[in-house]
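*Asks:* Need a 3D model of the following:
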Amino acid sequence: MEGLLPEAAPQGSEAGGTWKQEGQVRDRQANQESCLKQEVVAHGEEPAGDGARAQDELGGIPGTGSGPSRTQTDSGPQRRGAPRKNRKQKAADSGEERGGGPRKPWKCGDCGKAFSYCSAFTLHQRTHTGEKPFACAECGKAFSQSVHLTLHRRTHTGERPYACPECGKAFSQGSYLHRRIHTGEKPYACAQCGKAFTQVSHLSQHQRVHTGERPYACQDCGRAFSNRSHLVQHHLVHTGAKPYKCLECGVAFSHVSSLIEHQKIHTGEKPYRCGECGKAFSQGSSLTLHQRTHTGERPYACHECGKAFSNRSYLIQHHIVHTGEKPFECSGCGKAFSFSSALIRHQIHSGGRPLQCGVCGKAFVRKSTLFQHGRIHAGEKPCQCAQCGKGGDQTRG
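*Replies:* Residues are numbered from 1 along each chain as shown. Next comes the predicted model:
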């Protein structure tokens, strides 16, 4: 059949060499032209598989004549009274090879991946060319496929067509539907530690804890993160933006999670209680870390020496031992330290007060003292006399 990209590279002196970029561009153009020239199969329609879906992504629907389509053969579609085709002819028309599997004549010159349909092949090429023809009219963000644009538009419209039949909570994508929260099903288990998840995306993020992979890097400072949302939050460090403000005391925060944590100072809420010892916490993550003191679990292991930790932040601090990095520098004398705790100890002896109140500017040596001081601005009297019950705003030695 004319116009098909051969599955094997051409023989000769160039066969063993690397294709030049210009040659790849010419090949792509030739492939796209041959897509338009490809002959129709039985009745001029593609099976409703990956080719049908991909054809819609290219701007047309197979069989309707809109968008790129295959031209008919000289003989035209099969008519009534025409001789019936034998099995071998039908197999050839349906794109099947003798082995029973589908033919994949469309082969990518960049990575070698093969496709059954030209439309699916054209979509795949956009991963190499970076072409994103579907742009959002609201924000200008572009996508390689129209279905991705459709999902993105829901962030502007607020549309959430997928509702949970158990609790009624709605979602913008069917994959976000949280039925497993109600059933308790966690089919995706980590092969390293056995921890299970309701969604495969959560498992993928968790596995980076073991592999140490951090694919999301900050363009300003180079710091890398395992989760894209953590990178988005980190960007606020460089911009200095603090959009989340406490209505009780006016203290502002870069992250909404920090505000929620802070607000529990005013409410005193500690909804997360340990089943072993009864100790309560204001955050679920704090309870998870605490429970490891009972179980002895240490899921964060150093790839250099094998030492394991119960908290990821401890592992990050430990890495400095191997790198020799000393990022914490004293502003008074210039001495640098590997850990912030060592810098604080140094500043205590030198009379420094590195922790400053965001409301009044008062400085403190210890974080716990600053935390207690913040309750004064909140109108609390945290220091209560055990004898008479009278409250005060500070302790006396």
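*Asks:* quick one: residue 215 and residue 226 touch, right?
*Replies:* Yes: counting by CB atoms under 8 Å, residue 215 does reach residue 226; the two are 7.5 Å apart. In short, each C-beta sits where N, CA and C put it, glycine included.
*Asks:* Tell me the buried residues in stretch 288-298?
*Replies:* Across stretch 288-298, burial judged by 16 or more other CB atoms under 10 Å covers 289-291.
*Asks:* Give the helix, strand or coil label for residue 316.
*Replies:* Three-state assignment for residue 316 (DSSP: H, G, I helix; E, B strand; the rest coil): helix.
*Asks:* And it, how far from residue 340?
*Replies:* Distance, residue 316 to residue 340, using CB to CB, to the nearest Å: 12 Å.
*Asks:* likewise residue 324?
*Replies:* From residue 324 over to residue 340 (counting by CB to CB), the distance is 17 Å.
*Asks:* Check residue 239 too.
*Replies:* Separation of residue 239 from residue 340 (CB to CB): 23 Å.
*Asks:* Comparing these two, which residue is more hemmed in?
*Replies:* Just comparing residue 239 and residue 340: by other CB atoms under 10 Å the higher neighbour count belongs to residue 340, 13 against 9.
*Asks:* What count of nearby residues applies to the residue nearest to that one when sequence neighbours are not counted?
*Replies:* Of all residues not flanking residue 340 in the chain, residue 328 sits nearest, at 5.1 Å (CB to CB, 6 or more residues apart in numbering). Residues lying near residue 328 (other CB under 10 Å) number 18.
*Asks:* next one: residue 157
*Replies:* Under the neighbour criterion other CB under 10 Å, residue 157 is assigned a count of 9.
*Asks:* Next: residue 249.
*Replies:* By other CB under 10 Å, neighbour count at residue 249 equals 19.
*Asks:* Also residue 108?
*Replies:* Residues within reach of residue 108, counting by other CB under 10 Å, total 19.
*Asks:* Listing request: residues of this protein with sub-threshold pLDDT.
*Replies:* In the predicted model, the chain carries pLDDT under 70 at residues 1-102, 177, 179, 348-354, 365-366, 379-397.
*Asks:* Which parts of it belong to which domain?
*Replies:* Domain segmentation of the chain under automatic domain parsing yields 136-183, 188-307, 328-392.
*Asks:* how about these in JSON lines, adding distance to residue 109?
*Replies:* As requested, the domains of the chain are arranged in JSON lines below (distance: least, CB to CB, whole Å):
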{"stretch": "domain 136-183", "distance to residue 109": "18"}
{"stretch": "domain 188-307", "distance to residue 109": "27"}
{"stretch": "domain 328-392", "distance to residue 109": "50"}
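*Asks:* Residue 121 is nearest to which of those domains?
*Replies:* In terms of CB to CB, the element of the domains of the chain nearest to residue 121 is domain 136-183, at 13.7 Å.
*Asks:* how long is that closest one from one end to the other?
*Replies:* For domain 136-183, the first-to-last residue distance is 37 Å (CA to CA, to the nearest Å).
*Asks:* Over to stretch 215-233?
*Replies:* Across stretch 215-233, first to last residue, CA to CA, it's 15 Å.
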